[in-house]
Structures are given as C-alpha cells and as structure tokens.
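Trainee: Pasting a predicted model and its sequence here:
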Amino acid sequence: MVFSLENRFSNRKDTSEEIAFQEELEYFPIPLSASDSNLTTSFVDTWQGSRTYGGDRTHEGCDIITSLDVPGVYPVVSISDGIVEKLGWLELGGYRVGIRTDSGLYLYYAHLESYAPDLKEGDRITAGECIGFVGDTGYGEEGTTGQFVTHLHMGFYVPETDGDVAINPYPYLVELQKTQLKYKYQEP
Ligand SMILES: [Zn+2]
C-alpha cells in the first residue's frame, strides 16, 4: 500500500522504517461477508483514549467493532506478510496473535475468540490469510470473556533502539478499508 496524500502524519516525520512498512500493509484485518451484507464493522480514532482496567493507562491501538456482537463469527486476516512471533493469552489482550513483518513492524491482534486451526509461533503468514476469529476475550485470567463488546483490537508497534513503540493504527486502517477482502463466514 502506498499513501497518496503527502505527509498525513503531521505530528511525526516519516522515518524510512515507516515508509517500508506502509508498503507491506495489504488488507483490512476483517473481511466483508460474501453472503450477509449486514455483517459490517466500524471504528473511530481512539488513540490514547483513557482505559482503566489494570490501572490508569491510555489506549495503544484501534478497536474495530463488529455490527453483530457475537464472538467467533467474523474472521481476522493478516494485514501483511510476516512471521507469527507471539500467540497465546494476555491478561489485557485475551487470546492474541502478534505478527512481525519483514521490515520489523509488530502487528498485534487482540481479544480473539479463537485462532485459525494449527496456527503456531514461527509460522510464516501471507497477507490475507485467516489467523483467527473476532471475540471478546481478555481483562482477566485465561478464558475470561464478556468484559466488553465483541471487537478486534489492533496495535502497531515500530521497532526503535530501546524497544517497540506504539503508533496510531487508525490512519492506516482507514486506507486499508479500500482493500477489504470478502470471505465466506461461518453461520452465526
Ligand atoms: Zn483496544
């Protein structure tokens, strides 16, 4: 993906890493349903919004809300090629998948209902490949559900010398909506 607008991120200057990963991002993470046009998604810019679970903090990502608030219906696809670096439970993120792109961007998909069958750490993933299903897991011990509406939390982390630094996924997701795949959903 190449951005057509000149610097849309006026609060940061584009580093060479950012230019590299912009080109790696290919698909919106939740495809449209090929059979049911009522299954839609929506998202707004909630970057740095207030969150209180686990202590006061700010929101390090973008939440994509599904119109049908039922876990396990909407598939999640990888937005880029990469390697599955992390897979498993996190207290905040629930069942999550972390994928590292070739340029080093870390893509964090959280609150999944389940993973794609046989997905494991170290797997090579292609953009558009299903990695799991949107859910409502997290905010507790392993298996906790129902603490919030069904949604996908997406985080983007850029590698810096002292570790990965979160950036706002929102403008990238807006662009990626132009390349939303269609997928044959499971029956709700
Ligand atoms: Zn979130």
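Mentor: That came in fine, so what should we check first?
Trainee: rest of the way, CA atoms for contacts and neighbours
Mentor: Will do.
Trainee: could you dump stretch 112-129 to CSV, C-alpha only?
Mentor: Provided in CSV are the C-alpha atoms of stretch 112-129 (Å, rounded to 0.1, in the frame of the first residue of the first chain):
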residue,chain,number,x,y,z
LEU,A,112,-9.7,-13.2,19.6
GLU,A,113,-12.4,-15.8,20.2
SER,A,114,-10.1,-18.5,18.6
TYR,A,115,-7.1,-19.0,16.4
ALA,A,116,-7.0,-20.4,12.9
PRO,A,117,-6.5,-24.2,13.1
ASP,A,118,-2.9,-25.2,13.6
LEU,A,119,-1.6,-21.6,13.8
LYS,A,120,1.6,-21.5,15.9
GLU,A,121,4.5,-19.3,16.7
GLY,A,122,7.2,-19.3,14.0
ASP,A,123,4.6,-19.8,11.2
ARG,A,124,5.1,-17.8,8.0
ILE,A,125,1.9,-15.9,7.2
THR,A,126,0.8,-14.4,3.9
ALA,A,127,-1.3,-11.2,3.8
GLY,A,128,-5.0,-12.1,3.7
GLU,A,129,-4.5,-15.4,5.4
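Trainee: can you list contacts of it?
Mentor: Stretch 112-129 is contacted by residues 25-27, 29, 71-72, 77-87, 94-96, 130-137, 152, 181 when judged by CA atoms under 8 Å, 6 or more residues apart in numbering.
Trainee: Name the residues of this structure found near the ion, please.
Mentor: 63, 153 (CA under 5 Å from the ion).
Trainee: By average pLDDT, which secondary structure element in the chain comes out worst?
Mentor: One helix or strand of the chain scores below all others by mean pLDDT, DSSP states H and E: helix 16-24, with a mean of 77.
Trainee: hmm, back to that, separate out the buried members of the contacts of stretch 112-129.
Mentor: 25-27, 29, 71-72, 77-87, 94-96, 130-137, 152, 181 (16 or more other CA atoms under 10 Å).
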